[in-house]
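Participant: Let's see this in three dimensions:
(2 chains)
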Amino acid sequence: MQGYKKRRYGILINLVIILGIMGIVNFISADYFWRWDLTENKSYSVTSSTRNVLKRLDDIVSIKVYCSKKLPTQLEQVAGEIRDTLNEYQAYAGSKLQVEWIDPAENKDEEQKVQRLGIPQLQASIIEQDKRELVNIYMGIGIFYADRKEILPAVTSVANLEYDLTSSILKVLKGKLKKLCFLTGHGEHTISSDYSTVKQSLEKNYEITTVDTSDGTKIPDDVETLIIAGPNELSDRDKYEIDQFLMQGKNVFFLIDSVNVSTEVFMALPKSHKLNDLLENYGVRLNNNLVLDWGANSIVTFGSQYVQFSTNYPPWPKVVHDHMAPNNPIVSRLETVAFPWISSIEINKDRIPDMEVTELLKTTPKSTEQKDNFNIDAQRLPRPNMADLKQYLLAAIIRGKFKSFFSDKPIPAPKPASDKTPLPAEADKNRQTVKECANPATIMVIGDSDFISNQLLSGGREGNLPFILNAVDWATMGGDLIGIRAKDTELKPLKETSPATKLLCKVLNIGLVPFLFILYGLVRLLLRHREKKAVEEVI
Amino acid sequence: MRNILLITRKEFRSFFNLTIGYVFIVVYLLFTNGLFFYTLFLNNIAEMRYYFGIMPWVFLFFVAAITMRLWAEERKQGTLELLLTWPVRDYEVVIGKYLASVLLILLTLVLSINVPITLALLGKPDFGPIIGGYIGAALLGASYAAVGTCISSLTENQIIAFLLTIFILAVSLIAGWLAQIFGSLGTLLYFLSPATHFESIARGVIDSRDVIYYLSVIFFFLFLNNFIVVTQK
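Facilitator: Next up, the predicted model:
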């Protein structure tokens, strides 16, 4: 008995010791930990883009997290994620990144400083001693380098944390924002109205301007990327300015509608933009057609205020991931990009043998085209002829040293504008046409400009916005940020299946395994019963 | 080691000699699959997040049901003394019984393999979070089982063991939820709740802190279980 008591006592002591050791192990492990990210896109790890930026740091960047100590639970989680992410950042940057956590409420001076930085006090409710209390908290991050700073005033979600942090680091390092320019003056989409959503997203990383080249104005030298979105007729002078801009090794995005669709009367007519010769010089043919994708398309609602109906609408092709350029960073994380009435393009590889061509987006092989006689009425779409089905190219990027369209042509004269005096022709006299790119330039060509208009972007969770943002970043920022975006667009939809398949799937999944398991149990029971009987008989 | 495996085998088999074992597993599968496939086509997304999301609560009942009899029955039928007089060490019995319950949990997880297979046929799921979810569910189940077996050794009434296990685990889950009410104690409760450690694993991120937490819980309750068994000798 004595022995048992002693043993019991011993085990009790061990129990306390073990509890203590475990407490210590868990406590220590909170600081020294590793994370193994199993997700396909490494969604919860710092991406290689960020790692490259961090490894390149050659001077100390300091990150200050202005975060209150007492936080509501959900923000506590956010703070934890911020801590984990910054730990990882530090692991890659080493001593070149300093991270400091500050609770501004602890020091009056600090609080004033924080408010001067533009980090606001947020109100949050905390439950304490059975009372819901409103407290003022801070949850901002400041990124400092030399005399420059970037502020993330209220980080209440971590969805965009890595993107925000890394782009802020890039911004303080580079100091000045790169410039992006939209062509205006020819009936293009305007960034102040129907392109305002795109503009807002682009503004985070770029300074955005517009330029009207019709009176002979040059596209400013500090612009990196020019976007031409849905123009009407462009003059030779316009084309000259675009061409010469490209020859400096810059980026031009051609989002061109070659068919005009009137949504009021549902009529489609060819549209003249006069860009064909220029584009063909760069190796791209923009067709005067409408592509109908019978394999993957959007569901569109039609009708008057009395009768409405929704239907799959082939003239609105939806590009699915399988038909995007493989391993291309612009589309690697996108599931779908949807277009409303788009024309196909073709690449003339003989014309540009040394160029790097990326066929970005294609329709499914079950697609047809309409030329000349357009019929886009959802209820009267002519059925496709099986023999006509093929795959069409919808978007492409070409990078390389282009030759100028105007290399053997005179400089076109600017069009005199009524309200502006045209630039004196003398100014052109000293101008030399650049005949070939010295540095690689990039063009992107898409036969539609409406796919990133506000109306389309408000529609759903297609990857249209991430697509254009990625493309701009890829071309302009040289790939530093490309891998980070599109984090929250990666929902993986199920394939389209018939109701019968769905029912079968439900029945089999819910019933089959339990049924087989019960069957196994019955067989086992039967066998045991027999065995028992046999044993009894022997006895 | 041999003794442990012998006991594990005996316990594992005895579970299938009772109809009730089949009932638990079948009810579990019907319930989880039913719930998941009922909403699968409404959400229309190829992921198992919803499946694993309810795991901390579903396992509560399931694990309590399979661990309740492990010790309680032996005590009730008076076979515990007999068992402990065998030429085996106490801890071998404790670990053997525990492993049997863990094996059962792993078996039920294997039996849900139809879910990822269906998703792979219907879409292109990201298998990372699915594998993470299974690892997380195994760790969660194993730590629940450690608590359940330990509680089973406290009583000779299976129903009491069942209810007490559910009660204690549910309290720890809810405490993690409501952690903020408890002020500074809340951080500790938040840390102690098995559900909060399940979140990141189920997302597809295996964090050493979560793994260490689960292993600590398992180790501690097995030790406690051993202590209880020894003191009852």
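Participant: Pretty sure B:Asp207 sits against A:Leu38.
Facilitator: No - using C-beta atoms under 8 Å, B:Asp207 and A:Leu38 do not qualify as a contacting pair, with a distance of 11.2 Å. C-beta coordinates here come from the backbone N, C-alpha and C atoms, glycine included.
Participant: need the contact list for the closest residue to B:Gly96 other than its chain neighbours.
Facilitator: Sequence neighbours aside, B:Ile7 is the residue nearest to B:Gly96 in space, at 2.7 Å (criterion: C-beta to C-beta, 6 or more residues apart in numbering or on different chains). When contacts are counted by C-beta atoms under 8 Å, 6 or more residues apart in numbering or on different chains, B:Ile7 touches B:88, B:92-93, B:96-97, B:100.
Participant: Sketch out the low-pLDDT regions of chain B for me.
Facilitator: Per-residue confidence of chain B (counting by pLDDT under 70) places the weak regions at B:179-184, B:233.
Participant: Would you mind naming what in the stretch 301-450 of chain A lies close to chain B?
Facilitator: Along the stretch 301-450 of chain A, the residues adjacent to chain B under the rule C-beta under 8 Å from any C-beta of the partner chain are A:His321.
Participant: Closest residue of the stretch 301-450 of chain A to chain B?
Facilitator: For the stretch 301-450 of chain A, the residue closest to chain B is A:His321, as judged by C-beta to the nearest C-beta, at 7.9 Å.
Participant: is it true that that residue touches A:Thr336?
Facilitator: Yes - using C-beta under 8 Å as the test, A:His321 is close enough to A:Thr336 to be in contact (7.2 Å).
Participant: Run through the residues that contact the residue of the stretch 301-450 of chain A closest to chain B.
Facilitator: A:331, A:334-336, B:124.
Participant: And for A:Ile446?
Facilitator: Under the criterion of C-beta under 8 Å, 6+ apart, the contact list for A:Ile446 reads A:253-256, A:342, A:345, A:361, A:394-395.
Participant: Recalculate using a threshold of 7 Å.
Facilitator: Contact criterion C-beta atoms under 7 Å, 6 or more residues apart in numbering or on different chains gives A:255, A:394-395 as the residues in contact with A:Ile446.
Participant: Excluding residues flanking it in the chain, which one is nearest residue 30?
Facilitator: Just going to use chain A. When the adjacent residues along the chain are set aside, A:Ala30 lies closest to B:Arg209, with 6.0 Å between them (C-beta to C-beta, 6+ apart).
Participant: Switch to chain B, please.
Facilitator: Here the nearest residue to B:Leu30 in space, its sequence neighbours aside, is A:Pro514; by C-beta to C-beta, 6+ apart that works out to 5.6 Å.
Participant: Against which helices or strands is the helix or strand the one you found falls within packed?
Facilitator: Under the criterion of DSSP states H and E, A:Pro514 resides in helix A:513-538. Helix A:513-538 is packed against helix B:19-43, with contacts defined by 3 or more C-beta pairs under 7 Å, 6 or more residues apart in numbering or on different chains; DSSP states H and E.
Participant: and if we set it to 10 Å?
Facilitator: Applying 3 or more C-beta pairs under 10 Å, 6 or more residues apart in numbering or on different chains; DSSP states H and E, one finds that helix A:513-538 makes contact with helix B:2-16, helix B:19-43, helix B:90-111.
Participant: for the residue nearest in space to the middle of chain B, what are its contacts?
Facilitator: In chain B, the centroid-proximal residue (C-alpha atoms, centre = their mean) is B:Gly141; its distance is 2.4 Å. Shown in contact with B:Gly141 (C-beta atoms under 10 Å, 6 or more residues apart in numbering or on different chains): B:55, B:59, B:62-63, B:66, B:101-102, B:104-106, B:108-109, B:148, B:214.
Participant: quick one on the thing from earlier: out of the helices and strands packed on helix A:513-538, which one sits most buried?
Facilitator: helix B:90-111 (a mean of 20; mean count of other C-beta atoms under 10 Å in any protein chain shown).
Participant: and that one, what other elements does it pack with?
Facilitator: helix A:513-538, helix B:2-16, helix B:19-43, helix B:55-67, helix B:69-77, helix B:79-85, helix B:127-152, helix B:208-231.
Participant: switch the cut-off to 6 Å
Facilitator: Counting contacts by 3 or more C-beta pairs under 6 Å, 6 or more residues apart in numbering or on different chains; DSSP states H and E, helix B:90-111 is packed against helix B:2-16, helix B:55-67, helix B:127-152, helix B:208-231.
Participant: next helix or strand past the longest one?
Facilitator: In this case it means helix B:127-152. Heading towards the C-terminus - elements assigned by DSSP H and E - helix B:127-152 is followed by helix B:158-177.
Participant: Could you check that next one and say which residues are buried?
Facilitator: Neighbour counts using 16 or more other C-beta atoms under 10 Å in any protein chain shown place B:158, B:161-162, B:164-166, B:168-169, B:172-173, B:175-176 of helix B:158-177 among the buried residues.
Participant: how many degrees apart are that helix and helix B:69-77 in direction?
Facilitator: Note on geometry: by axes from the mean of the first three to the mean of the last three C-alpha atoms, to 10 degrees, helix B:158-177 and helix B:69-77 are set 150 degrees apart in direction.
Participant: Just the C-alpha atoms of helix B:158-177, please, in PDB.
Facilitator: C-alpha atoms of helix B:158-177 as PDB (Å, rounded to 0.1, in the frame of the first residue of the first chain):
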ATOM      1  CA  GLN B 158     -20.600   5.300 -20.100                       C
ATOM      2  CA  ILE B 159     -23.300   7.900 -20.400                       C
ATOM      3  CA  ILE B 160     -21.700  10.100 -17.800                       C
ATOM      4  CA  ALA B 161     -18.400   9.700 -19.600                       C
ATOM      5  CA  PHE B 162     -20.100  10.700 -22.900                       C
ATOM      6  CA  LEU B 163     -21.800  13.700 -21.500                       C
ATOM      7  CA  LEU B 164     -18.800  14.900 -19.500                       C
ATOM      8  CA  THR B 165     -16.500  14.600 -22.500                       C
ATOM      9  CA  ILE B 166     -18.900  16.700 -24.600                       C
ATOM     10  CA  PHE B 167     -19.400  19.200 -21.800                       C
ATOM     11  CA  ILE B 168     -15.700  19.700 -21.200                       C
ATOM     12  CA  LEU B 169     -14.800  19.900 -24.900                       C
ATOM     13  CA  ALA B 170     -17.800  22.200 -25.700                       C
ATOM     14  CA  VAL B 171     -16.800  24.500 -22.900                       C
ATOM     15  CA  SER B 172     -13.300  24.800 -24.300                       C
ATOM     16  CA  LEU B 173     -14.600  25.500 -27.800                       C
ATOM     17  CA  ILE B 174     -17.100  28.100 -26.500                       C
ATOM     18  CA  ALA B 175     -14.400  29.700 -24.300                       C
ATOM     19  CA  GLY B 176     -12.200  30.200 -27.300                       C
ATOM     20  CA  TRP B 177     -15.100  31.900 -29.000                       C
END
